[in-house]
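Visitor: fold the following, please.
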Amino acid sequence: MSSWNSGRIIGQKPPLKPKEVWAIRTRLQMLGAVRDLALFNLAIDSKLRACDLVAISVADVAISGRVRDRAIIIQRKTSRPVQF
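Guide: Residues are numbered from 1 along each chain as shown. Modelled structure (predicted):
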């Protein structure tokens, strides 16, 4: 009996290339997926993990309808602050 990952590459995945990032951004813009585009851009720009991204609320990044210049999020895994 072989394991479920037999013959598969394991470990860290290589980072997205700039061309791939722009292809994803363009596709999300064409689909009109504003929320997904905003989350994708935030993920790329802040380098936050997915569990930290989905925990962000509007109040974390905006005050009275205006986007904050800077925001600080405490990472769940490391308990370290990340400023973006």
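Visitor: show me where this protein has strands.
Guide: For the chain, strands defined by DSSP state E occupy the ranges 62-63, 66-67, 72-74, 81-83.
Visitor: how close does the closest residue in space to residue 48 that isn't next to it in sequence get to residue 12?
Guide: In this structure, residue 48 finds its nearest non-sequential neighbour in residue 82, 6.1 Å apart by Cβ to Cβ, 6 or more residues apart in numbering. To be clear about C-beta, it is placed using only N, CA and C from the backbone, and glycine gets the same treatment. To residue 12, residue 82 is 19 Å away according to Cβ to Cβ, to the nearest Å.
Visitor: still on that earlier bit, distance check, the residue nearest to residue 48 against residue 72.
Guide: 7 Å.
Visitor: neighbour count winner among the two?
Guide: Neighbours per residue (other Cβ atoms under 10 Å) separate residue 82 from residue 72, with residue 82 holding more: 15 against 10.
Visitor: my guess is the more buried one meets residue 75, correct?
Guide: Yes - with contact defined as Cβ atoms under 8 Å, residue 82 reaches residue 75; the gap is 5.8 Å.
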